[in-house]
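Engineer: 3D model of this:
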Amino acid sequence: MHIAVAGNIGSGKTTLTKLLAKHFEWDTHFENVEQNPYLNDFYNDMQRWSFNLQIYYLNSRFTQIQEIKESTKNVIQDRTIYEDAYIFAPNLHSMGLMTTRDFENYFSLFNLLESFISAPDLLIYLRASVPTLVNQIQQRGREYEESIRLDYLKRLNERYEAWISTYDKGKLLIVDVDDNNFHENAEDLGKIIRDIDAEINGLF
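Structural biologist: Numbering: from 1, shown residues only. Prediction:
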């Protein structure tokens, strides 16, 4: 079984992935932030490095999905291949940070790769307001994230909501992070776990 956690920067994807993996004894696949060779350059010069970064993510996540497909265990994945294609890349394009030529090249490659993959059995979407995202980004204190602008997070949020409103590839569970403090409150985490149990039991 393949579970995936989706959400904006700072929504708590990695934290929830770890907590759920521990509870359900699932294998994990994380977004490889530390080994990403483009991330620092991207935040310093988005226009120059946007295409390179998105191609890196596309390759990385496609590889992850292949590994998940070959695994005999239940796996939970931190961020999906769809978020790059439907949120981050189009957002960079609309902001003038990725050329139309590069975006069209990227998206045709995504469409090709998508034909070889299956969607997660369950997608967990972490919905969070911009103030919540900013607060959680500041708390974790990653240096390269200090330059992220509020309007960038707001644009991403709008795209996330548009994507989720039409998501039809599999089961979907939405968690409102503004009202659910799962990383500090065991009761809040318990509610998510119960909702997941209900969804998973409906999968079989």
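
Engineer: so who does the residue nearest in space to the middle of the chain touch?
Structural biologist: By CA atoms, centre = their mean, the mean C-alpha position of the chain lies nearest to Arg79, the distance being 2.7 Å. Applying CB atoms under 8 Å, 6 or more residues apart in numbering to Arg79 gives the contacts 4-7, 13, 31, 61. Just so you know, the C-beta spots here come from the backbone N, C-alpha and C atoms, and that holds for glycine as well.

Engineer: for Asp176, same thing?
Structural biologist: 127-128.

Engineer: For it, give its distance to Asp188.
Structural biologist: With the distance defined as CB to CB, to the nearest Å, Asp176 ends up 10 Å from Asp188.

Engineer: Please tell me I have it right and Tyr106 contacts Leu53.
Structural biologist: No - in this structure, Tyr106 is not within contact of Leu53 by CB atoms under 8 Å, at 10.4 Å.

Engineer: Show me what counts as buried in the biggest helix by length in the chain.
Structural biologist: The residue-count maximum for a helix in the chain (DSSP state H) belongs to helix 46-70. Using 16 or more other CB atoms under 10 Å as the test for burial, helix 46-70 gives 46, 49-51, 53-58, 60-62, 64-65, 68.

Engineer: pLDDT averaged over it, what's the number?
Structural biologist: Across helix 46-70, pLDDT averages out at 94.

Engineer: Also stretch 1-18?
Structural biologist: Mean predicted lDDT for stretch 1-18 stands at 95.

Engineer: Could you list the buried residues of it?
Structural biologist: 1-17.

Engineer: quick one: terminal-to-terminal distance for it?
Structural biologist: 17 Å (CA to CA, to the nearest Å).

Engineer: Got phi/psi on the residue nearest to the centre of the chain?
Structural biologist: Main-chain torsions, Arg79, degrees, to the nearest 10: phi 70, psi 150.

Engineer: and the gap between it and Asp179?
Structural biologist: 22 Å.

Engineer: And for Leu97?
Structural biologist: From Leu97 to Asp179 the distance is 33 Å (CB to CB).

Engineer: Neighbour count for the two, which is higher?
Structural biologist: Leu97 (19 against 10; other CB atoms under 10 Å).

Engineer: how about that one, secondary structure?
Structural biologist: coil (DSSP: H, G, I helix; E, B strand; the rest coil).

Engineer: what's the closest non-adjacent residue to Lys69?
Structural biologist: Ser118 (7.1 Å; CB to CB, 6 or more residues apart in numbering).

Engineer: who are the neighbours in contact with that neighbour?
Structural biologist: By CB under 8 Å, 6+ apart, the neighbours of Ser118 are 2, 65, 69.

Engineer: so how far is Tyr56 from it?
Structural biologist: Ser118 is 22 Å from Tyr56, by CB to CB.

Engineer: again with Tyr152
Structural biologist: Separation of Tyr152 from Tyr56 (CB to CB): 19 Å.

Engineer: Check Leu112 too.
Structural biologist: In terms of CB to CB, Leu112 sits 17 Å off from Tyr56.
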